[in-house]
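[1] What follows is a predicted protein model with its sequence.
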Amino acid sequence: MSYKKLTPEEQHVILHKGTERPFTGQYNEHFETGVYACKQCGAHLYRSEDKFPSHCGWPSFDDEIEGAIRREVDADGRRTEILCANCGGHLGHVFEGEMLTRKNLRHCVNSISMDFISAEELARQQGSTLKTAYFAGGCFWGVEHLMQQQPGVVSVVSGYMGGHVDNPSYEQVCGKQTGHLETVEVLYDPAKISFETLAKLFFEIHDPTQEDGQGPDIGPQYGSAIFVHDDEERGISEKLIALLENQGLNVVTRVLPMAPFWRAEEFHQDYYERTGKMPYCHRYQKRF
């Protein structure tokens, strides 16, 4: 088996079990969608959906790809070392009982021990191309939770779109002065699920007739909208709205041109998955 040639800094950590300084690693605050692979051999180790902000100074994961990690008692006799199961490269340590996530587990990993492969690159390697779709339907927690359960959806990210302030905070958006809508970015494989199927689902998991809010959440940031890339997506969205209006629904969903998408704070990502709670203002209702 051929391994990647390591720099002296990489050798210090991966071969000689060193530790990079906290808060300096490339992936400490990195939350894109994809997989993290062993720097030395390329074996896939962790999925991005299992990464969480622990604020400890190193990338943290509460789960691993099955069979990817080997555990050994550390040389200090107290901690548990984690290594790549394929090549034995040092990754870091694993800790239990900290109650940072529902899984109660933290893989504390050196950034320098890993490479990141984006979801788009993974798709290219498999001969496919991913697309994005953007939906605003009230609190993004519920829309994200229900969208990401669909086969063909690779990931869903909560964020803000449609306003006039760059990279707004949640507090700014809730202040109703930035013009943003709470929006989800859906990354999907068009070979497995279509934009039309996603748009239909969007109309079936929120109330497209409620103006300036969704359920108990009231305010312009909770409005209903679809941000479209092109005339094809606009045509599909308007067709579905017409179908609903023919059923007697007074649809207030706006079809808007593409705008910058700003990722929301990590606290808002995968909210229901992390907390074990259930959506309070989103539920499925068949409409088509």
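    Done, it's in.
[2] just the strands in the stretch 151-288 of the chain please.
    153-161, 181-188, 213-214, 217-218, 224-228, 254-257, 261-263 (DSSP state E, counting those that start in this stretch).
[3] So which of those is the most surrounded?
    strand 181-188 (a mean of 25; mean count of other Cβ atoms under 10 Å). (Each C-beta comes from the backbone N, C-alpha and C, glycine too.)
[4] which residues are contacting that one?
    Residues from elsewhere that reach strand 181-188, judged by Cβ atoms under 8 Å, 6 or more residues apart in numbering: 33, 119, 130-136, 138-140, 143-144, 147, 152-163, 173, 198, 220-223, 225, 227, 261, 263-264.
[5] repeat for stretch 248-266
    31, 52-53, 134, 140, 157-162, 166-170, 180, 182-183, 185, 203, 208-211, 223-229, 234, 237-238, 241, 244-245.
[6] distance of Thr183 from Ala225?
    8 Å (Cβ to Cβ, to the nearest Å).
[7] can you list residues touching both of these two?
    Common neighbours of Thr183 and Ala225 (Cβ under 8 Å, 6+ apart) are Phe135, Ala136, Gly162.
[8] measure the nearest residue to the second one once chain neighbours are set aside to Glu10 for me?
    Spatially, and ignoring its direct neighbours in sequence, Ala136 is nearest to Leu181 (3.9 Å; Cβ to Cβ, 6 or more residues apart in numbering). As judged by Cβ to Cβ, Leu181 and Glu10 stand 43 Å apart.
[9] The helix ranked longest in the chain versus strand 224-228: what angle between them?
    If you go by DSSP state H, the chain has its longest helix at helix 231-246. Angle of helix 231-246 versus strand 224-228, following axes from the mean of the first three to the mean of the last three Cα atoms, to 10 degrees, is 150 degrees.
[10] quick one: contacts of helix 231-246?
    By Cβ under 8 Å, 6+ apart, helix 231-246 touches 133, 195-196, 199-200, 203, 208, 226, 228, 251, 253, 255, 287-288.
[11] Name the residues of that helix that are buried.
    Residues of helix 231-246 classed as buried by neighbour count (16 or more other Cβ atoms under 10 Å): Glu233, Ile236, Ser237, Leu240, Ile241, Leu244.
[12] quick one, phi psi at Ser60?
    Phi and psi for Ser60, reported as degrees, to the nearest 10, are phi -130, psi 140.
[13] what's the spatially closest residue to Val165 that is not a sequence neighbour in contact with, if anything?
    Spatially, and ignoring its direct neighbours in sequence, Val165 is nearest to Thr178 (4.3 Å; Cβ to Cβ, 6+ apart). Counting by Cβ under 8 Å, 6+ apart, Thr178 touches Tyr160, Gly163, His164, Val165, Pro168, Gln172.
[14] confidence score at Thr178?
    pLDDT, Thr178: 94.
[15] again with the one 10 residues further on
    Predicted confidence (pLDDT) at Tyr188: the value is 94.
[16] again, but for Trp141
    At Trp141, pLDDT is 93.
[17] ok but it is inside a strand, no?
    No - counting by DSSP: H, G, I helix; E, B strand; the rest coil, Trp141 is not part of a strand but helix.
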